[in-house]
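[1] kindly return the folded structure for what I paste below:
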Amino acid sequence: MGWRYRAGLFLIAAVVIIWVTSAEVTQGIFTDYKQPFAVTYLGASLMVVYLPIAFIKDWICNLLKTRSSKSGKNTDSIMDESSCILNSPLKYIEGQKAFEMEFQGNFTRKDSEEDFSAQEDGRPLVPKLKEDTDMLKQDKALTTREIALCGFYIAPIWFITEYLSNAALARTSVASTTVLSSTSGLFTLFIGAFLGQDSLNITKVVAVFVSMAGVAMTTLGKTWATDESQLTASSGKRSLVGDLFGLLSAVSYGLFTVLLKKFAGEEGQRVDVQKLFGYIGLFTLVALWWLVWPLTALGIEPKFTIPHSAKMDEVVLANGFVGSVLSDYFWALCVVWTTPLVATLGMSLTIPLAMVADMVIHGRHYSAIYILGSAQVFAGFVIANLSDWCSKKLGF
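    Residues are numbered from 1 along each chain as shown. Now for the predicted structure:
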């Protein structure tokens with residue numbers, strides 16, 4: 001477990017806290033400004049701020065590399081001049097001849113040994129070289145143009161994920177949306193296996209089903225508040241359409257997570273995540289604004305309006321920067337630095353966190369089934385992190 005993996009686990013905890021807080025703020029926004037499309041479009045478009053940051057970072061890195069290479073060349077030239085002055089030509093010629101003879105002998109001996117061993121094993125040496133070349137091609141970093149193409153491909157998927165989540169929050173409770181979003185672990189596992197991005201083993205399947213069982217238990221578990229009117233109001237917000245949007249958001253979330261990992265590589269070495277999300281924001285800003293018309297015509301989205309107060313403008317902007325720009329970038333690093341399954345199951349930790357927050361802030365009480373379900377969600381996350389270790393130890 002390298003430092004990137006550990007940092008990814010730390011970022012998962014940070015993203016969970018930000019997402020629960022942002023969900024509460026977003027639902028508060030929808031009480032006065034019920035515009036899921038506007039909130040989604042603003043949050044996704046704001047990610048364009050990562051583009052200038054990424055290009056400035058590249059410019060600084062290239063400048064430092066140029067200066068270091070220049071200083072290195074100067075040092076090498078000084079060393080070459082000093083060695084030529086100190087060493088006599090005769091010693092240099094003799095030393096060169098001795099080196100050539102020794103190198104030729106080693107080279108011939110090594111070739112004969114390798115050829116002999118290759119004949120003994122009965123395996124050609126060329127295929128091994130080809131495998132190494134293929135691996136190098138897979139690990140090769142993407143160019144800026146290729147990153148832009150990847151961003152344009154997956155930007156609609158990300159926008160759909162965000163819109164469905166916000167549309168669910170506008171129609172149902174935060175708890176219901178959180179529980180339904182947590183089912184994305186199942187979709188991530190099977191989509192990853194289907195696209196060849198992840199492998200199936202018993203431990204991973206157990207982790208997913210333990211987490212899904214916990215989600216089901218939290219859905220069946222009872223909750224009640226000291227203020228019964230609060231419970232009635234929150235129950236009244238439940239909607240079949242909102243729950244459907246939450247489930248569809250979980251499916252698109254799983255697809256986006258697997259594609260992001262596929263483009264980024266094993267540890268994110270193939271793609272600059274800042275550039276990728278910057279191009280996603282640019283594509284959303286330029287090409288997806290028109291979707292408000294068909295959504296309004298179908299009755300899914302209310303008629304577009306702007307916020308009625310400066311305070312609401314500030315809240316929407318602040319929530320867009322923190323709840324979308326910052327948290328989504330951190331979440332992308334979680335996916336890239338860990339695995340899609342671990343990151344997805346990590347997001348399920350929003351359920352126990354939301355439970356604790358409601359107990360402390362709103363004085364809400366939970367049944368034993370709900371508490372046990374939250375514990376199972378956390379257990380599924382732990383099992384997923386230990387899947388490789390379990391597979392090696394238990395042999396499956």
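[2] burial of F263, as a residue count?
    Applying other CB atoms under 10 Å, we find 21 other residues in the vicinity of F263. In this view, the C-beta of every residue, glycine as well, is placed from N, C-alpha and C.
[3] quick one: it from T338, how far?
    Separation of F263 from T338 (CB to CB, to the nearest Å): 16 Å.
[4] before we move on, what about C390?
    Here the criterion is CB to CB. By it, C390 lies 16 Å from T338.
[5] more crowded one of these two?
    Legend: neighbour count by other CB under 10 Å for C390 and T338, higher for T338 (25 against 17).
[6] residue contacts, that one?
    Contacts for T338 (CB atoms under 8 Å, 6 or more residues apart in numbering) come out as Y5, G8, L9, I12, G346.
[7] cool, V325 as well?
    Applying CB under 8 Å, 6+ apart to V325 gives the contacts G43, L46, M47, V49, Y50.
[8] can we see that at 6 Å?
    Applying CB atoms under 6 Å, 6 or more residues apart in numbering to V325 gives the contacts L46, M47.
[9] and the strands in this protein, which stretches?
    With DSSP state E, the ranges of strands along the chain come out as 223-224, 365-366.
[10] just give me the lowest mean pLDDT stretch among those.
    Here the lowest mean pLDDT among the strands of the chain goes to strand 223-224, at a mean of 68.
[11] which residues does A193 contact?
    Going by CB under 6 Å, 6+ apart, A193 touches L200.
[12] any idea how far it is from K204?
    A193 sits 9 Å away from K204, going by CB to CB.
[13] now swap in V49 and tell me
    Separation of V49 from K204 (CB to CB): 36 Å.
[14] then T172?
    30 Å.
[15] just T339 next, same as before
    T339 is 9 Å from K204, where distance means CB to CB.
[16] same check, this time on W59
    Distance, W59 to K204, by CB to CB: 42 Å.
[17] so between the two, which is more surrounded?
    A count of neighbours by other CB under 10 Å puts K204 above the other of W59 and K204, at 25 against 10.
[18] for the more buried one, list the residues it contacts.
    Contact analysis of K204 by CB under 6 Å, 6+ apart lists S387.
[19] before we move on, what about S324?
    Residues near S324 by CB under 6 Å, 6+ apart: G43.
[20] give me the pLDDT value at the closest residue in space to F187 that isn't next to it in sequence.
    Leaving aside its chain neighbours, F187 sits nearest to G254 (3.3 Å; criterion: CB to CB, 6 or more residues apart in numbering). Per-residue pLDDT puts G254 at 89.
[21] what's the local residue count around G254?
    The burial count for G254: 24, using other CB under 10 Å.
[22] list the contacts of it.
    Neighbouring residues of G254 by CB under 6 Å, 6+ apart: S184, F187, T188, I191.
[23] export these to a markdown table and tack on pLDDT?
    Converted to a markdown table, those look like this (pLDDT from 0 to 100):
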| residue | pLDDT |
| --- | --- |
| S184 | 82 |
| F187 | 83 |
| T188 | 85 |
| I191 | 88 |
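[24] low pLDDT regions in the stretch 251-396 of the chain?
    By pLDDT under 70, the low-scoring segments of the stretch 251-396 of the chain are 266-268, 361-362, 388-389, 391-396.
[25] now the helices for it?
    With helices called from DSSP state H, counting those that start in this stretch, the stretch 251-396 of the chain shows them at 273-287, 292-297, 310-320, 327-337, 340-347, 350-357, 368-385, 387-394.
[26] identify whichever of the ones you listed lies nearest to F245.
    F245 sits nearest to helix 292-297 of all those, at 12.1 Å, using CB to CB.
[27] follow-up on the earlier one: among the helices of the stretch 251-396 of the chain, which comes closest to Q197?
    Of all those, helix 340-347 sits nearest to Q197, with 6.9 Å by CB to CB.
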